[in-house]
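Engineer: When you get a sec, could you give me coordinates for this:
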Amino acid sequence: MLLAYRCALASPNVTAAAVEATEFVADADRLGVVSVPAVVIDGRLRYAGAVPEHAFVQRLLVAVG
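Structural biologist: You can find the predicted model right below:
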């Protein structure tokens, strides 16, 4: 999640928040989160699982167009 925060600091178009899925079960269920880490962009689950930093940034760029 540190990388998500770094991306948010680098761009005014990105915000980041870490949410504990076991404490916010209803939100996790609504978004379809079944494993962590999970990345939600614009209220939609985009991917789950750990990825290298370069892959995270690439996926973020693709997701936001």
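
Engineer: CA atoms for contacts and neighbours, from now on please.
Structural biologist: Fine.

Engineer: Show me the residue sitting in the middle of this structure in space.
Structural biologist: When the chain is reduced to its mean C-alpha position, the nearest residue by C-alpha atoms, centre = their mean turns out to be V39, at 2.5 Å.

Engineer: so that residue touches A50, yeah?
Structural biologist: No - between V39 and A50 there is no contact under C-alpha atoms under 8 Å: 9.7 Å.

Engineer: is L45 in a bridge, and if so with what?
Structural biologist: L45 has the following beta-bridge partners by DSSP bridges: V40.

Engineer: Who are the contact partners of it?
Structural biologist: Listed by C-alpha atoms under 8 Å, 6 or more residues apart in numbering, the contact set of L45 reads 31-33, 38-39.

Engineer: what about the strands in the protein?
Structural biologist: Ranges of strands in the chain, per DSSP state E, are 38-41, 44-48.

Engineer: Could you tell me the angle between the longest helix belonging to the chain and strand 44-48?
Structural biologist: What stands out as the longest helix in the chain, according to DSSP state H, is helix 53-64. Using axes from the mean of the first three to the mean of the last three C-alpha atoms, to 10 degrees, the inter-axis angle of helix 53-64 relative to strand 44-48 is 160 degrees.

Engineer: Mind listing what's buried along helix 53-64?
Structural biologist: Neighbour-count burial for helix 53-64 flags 56, 59-60 (criterion: 16 or more other C-alpha atoms under 10 Å).
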